[in-house]
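Participant: Take this sequence and fold it.
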Amino acid sequence: MTTDMSDELLPVDDQVAALKRAIEAVVLVAHDPVAPEILAQLLEQPVVLIEQWCDALRSEYAAQERGFELARVAGGYRFQTHPDQTPYVERFVLHDQKARLSGAALETLAIIAYKQPISRAQVASIRGVDPDGVIRTLQARGYIDEVGRDHGPGQAILFGTTPQFLEKLGLDSLDDLPPIAEFIPDADVVEQLEHGLRVRPADVDVPEPVNDDGDGAS
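Facilitator: Below you'll find the predicted structure:
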């Protein structure tokens, strides 16, 4: 958006309001998150101002309790539904959803996300099964991709997550992944689980000896 003479005659507040409207329009029609550098080029404004205006828009939407928000995702900005509307959105999306990731695919994706860069063999050693089919599925969906080669013998292909992975999870970077320790039970919990699964001799019913003489004698 090029600033013309009529724009320059507007009060500063009106100019800023017009630029913020332009940000809304661009982000609304964009398929992927729009980087602040792109918005800066389009609006011919400094990146720091673009980020300030985007933060202001986010605050305005929050104050108005809108059903959507302007989120910083994968290094850019996009509109997405507000988290407290998740039950309604899930009901709508899942009503006609046909292709959800399997449990095996989600498990493999989590391993790659937290352990990347990682090879097929390393994924297999963690999961205990051949991951080739699942890895192909994740690549086809655009969640992972080849990111390099191992320096060891064979130079195995290494996999990592993609910007689309960040976008789908609503993350700005991999640093925003929750610490993996949050998903690992404490040692006390593991001990209690193991204790509960142990079979004690007193808990086992021992059948009475059976007389196999066939004469009915006791």
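
Participant: alpha carbons only for contacts and neighbour counts from here, please
Facilitator: Fine.

Participant: Domain boundaries for the chain, per the record?
Facilitator: If you go by automatic domain parsing, the domain ranges for the chain are 5-86, 103-180.

Participant: Tabulate those domains (JSON lines), appending mean pLDDT, distance to Phe92 and mean neighbour count.
Facilitator: Formatted as JSON lines, those follow (pLDDT from 0 to 100; distance: least, C-alpha to C-alpha, whole Å; neighbours: other C-alpha atoms under 10 Å):
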{"stretch": "domain 5-86", "mean pLDDT": "90", "distance to Phe92": "10", "mean neighbour count": "15"}
{"stretch": "domain 103-180", "mean pLDDT": "89", "distance to Phe92": "17", "mean neighbour count": "15"}
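
Participant: Quick check: the gap between Ser119 and Asp176.
Facilitator: 23 Å (C-alpha to C-alpha, to the nearest Å).

Participant: Ala62 too?
Facilitator: Counting by C-alpha to C-alpha - Ala62 and Asp176 are separated by 21 Å.

Participant: ok, which stretches of the protein are helices?
Facilitator: Taking DSSP state H as the test, the helices found in the chain are 5-8, 12-29, 36-43, 47-63, 86-95, 103-115, 120-127, 132-141, 163-169, 187-197.

Participant: closest one to Gly152 among those?
Facilitator: helix 120-127 (12.6 Å; C-alpha to C-alpha).

Participant: Show residues contacting that closest one.
Facilitator: Thr108, Ile111, Ile112, Asp130, Pro131, Asp132, Ala156, Ile157, Leu158, Phe159 (C-alpha atoms under 8 Å, 6 or more residues apart in numbering).

Participant: Tell me how far it lies from the chain's centre.
Facilitator: 21 Å (C-alpha atoms, centre = their mean, to the nearest Å).

Participant: got the angle between that helix and helix 103-115?
Facilitator: 110 degrees (axes from the mean of the first three to the mean of the last three C-alpha atoms, to 10 degrees).

Participant: ok, so what distance separates Asp175 from Ile23?
Facilitator: Taken as C-alpha to C-alpha, the span from Asp175 to Ile23 is 26 Å.

Participant: related to what we said a few turns ago, quick check, nearest of the contacts of helix 120-127 to Leu166?
Facilitator: For the contacts of helix 120-127, the nearest to Leu166 is Ile112 (13.0 Å; C-alpha to C-alpha).

Participant: The closest one: what's it in contact with?
Facilitator: Ile112 makes contact with Ile118, Val123, Phe159, Gly160, Thr161, according to C-alpha under 8 Å, 6+ apart.

Participant: go on, Gln139?
Facilitator: Here Gln139 is in contact with Asp145 (criterion: C-alpha under 8 Å, 6+ apart).

Participant: could you measure it against Arg149, distance?
Facilitator: In terms of C-alpha to C-alpha, Gln139 sits 16 Å off from Arg149.

Participant: Adding distance to Glu37, write the contacts of helix 120-127 out as JSON lines.
Facilitator: Shown next, in JSON lines, are the contacts of helix 120-127 (distance: C-alpha to C-alpha, whole Å):
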{"residue": "Thr108", "distance to Glu37": "34"}
{"residue": "Ile111", "distance to Glu37": "32"}
{"residue": "Ile112", "distance to Glu37": "29"}
{"residue": "Asp130", "distance to Glu37": "42"}
{"residue": "Pro131", "distance to Glu37": "38"}
{"residue": "Asp132", "distance to Glu37": "38"}
{"residue": "Ala156", "distance to Glu37": "36"}
{"residue": "Ile157", "distance to Glu37": "32"}
{"residue": "Leu158", "distance to Glu37": "30"}
{"residue": "Phe159", "distance to Glu37": "28"}
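
Participant: Fine, thanks again, bye for now.
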